[in-house]
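Engineer: model this:
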Amino acid sequence: MERHVRINGIEIPYNVSHRRVRYPRLEFTKGNLLVVLPKSFSDESELLEKHSSWIYRKYVLIRQSLENAGERTLSERTDAEFRALVESLVREYAGELDVTVSTIRYRTMRSKWGSCSSDRNLTFNTRLKFLPARLIEYVVFHEVAHIVQMRHNSRFWKIVHTRWDNHKKYESDLQAYWFLIQGNAGG
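Structural biologist: Down below sits the predicted model:
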């Protein structure tokens, strides 16, 4: 049953799921707030109040991203074209940043566009193939930059800024495409 919490004058819908978990948590799944509670937990109001600022910020960001998603279209690119593009970009950016990449992997990811392990393995979400080339370029550079600096700290963002001075716009575009693809992929 859908419930609502009022934060900063906005009615935010949410659902509650009681599970075998030790601690309560909040998550936004496909743009909807889900309150996950231990089976013995009966009232979520204190949890919602404690995290109301985070809930509000996340809800507003998601609503904006959903609106922006409606203005975009998905690219049609084969798996082979996508992989060739990514591998070419990885070679270019690894050379530019003077780093070595161990392996490149592809898989459908549920919550991110790519990842970089401490062993210098790069994994890219196969759904990236639907994005415009410029956003793929951004994600690939972002992941290669993690070989230099693993954390999203000021040093990392300085590296990203060397090529993309408007990286916040790219991050916003990626969020919009995330919701567009989720809607088209059914998950």
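
Engineer: helices or strands next to the host helix or strand of residue 104 in the packing?
Structural biologist: Following DSSP states H and E, one finds residue 104 within strand 103-107. Here strand 103-107 touches helix 79-97, strand 121-125, going by 3 or more C-beta pairs under 8 Å, 6 or more residues apart in numbering; DSSP states H and E. Where you see a C-beta, it was placed from the backbone N, CA and C, and this is true even at glycine.

Engineer: neighbouring strands for the longest strand along the chain, and are they parallel or not?
Structural biologist: Counting by DSSP state E, the longest strand found in the chain is strand 10-19. Strand pairing for strand 10-19, determined by DSSP bridges: strand 3-7 (antiparallel), strand 32-38 (parallel).

Engineer: quick one: average pLDDT of the shortest one?
Structural biologist: Rounded to a whole number, the mean pLDDT of strand 3-7 is 92.

Engineer: roughly how far is that strand from the heart of the chain?
Structural biologist: 25 Å (C-alpha atoms, centre = their mean, to the nearest Å).

Engineer: Could I have the CA atoms of it written out in PDB?
Structural biologist: C-alpha atoms of strand 3-7 as PDB (Å, rounded to 0.1, in the frame of the first residue of the first chain):
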ATOM      1  CA  ARG A   3       1.900   5.900   1.800                       C
ATOM      2  CA  HIS A   4       2.900   9.600   1.700                       C
ATOM      3  CA  VAL A   5       5.300  11.800   3.700                       C
ATOM      4  CA  ARG A   6       5.100  15.600   3.500                       C
ATOM      5  CA  ILE A   7       8.600  17.200   3.200                       C
END
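
Engineer: Any buried residues in it, and which?
Structural biologist: For strand 3-7, the neighbour count (16 or more other C-beta atoms under 10 Å) marks 5, 7 as buried.

Engineer: tell me the domain boundaries of the chain?
Structural biologist: 3-69, 79-185 (automatic domain parsing).

Engineer: Among those, show me which one is buried the most.
Structural biologist: domain 79-185 (a mean of 16; mean count of other C-beta atoms under 10 Å).

Engineer: now for the strands paired with strand 10-19, which one comes closest to residue 156?
Structural biologist: strand 32-38 (29.2 Å; C-beta to C-beta).

Engineer: after the closest one comes which helix or strand?
Structural biologist: Assigned by DSSP H and E, the successor of strand 32-38 is helix 45-50.
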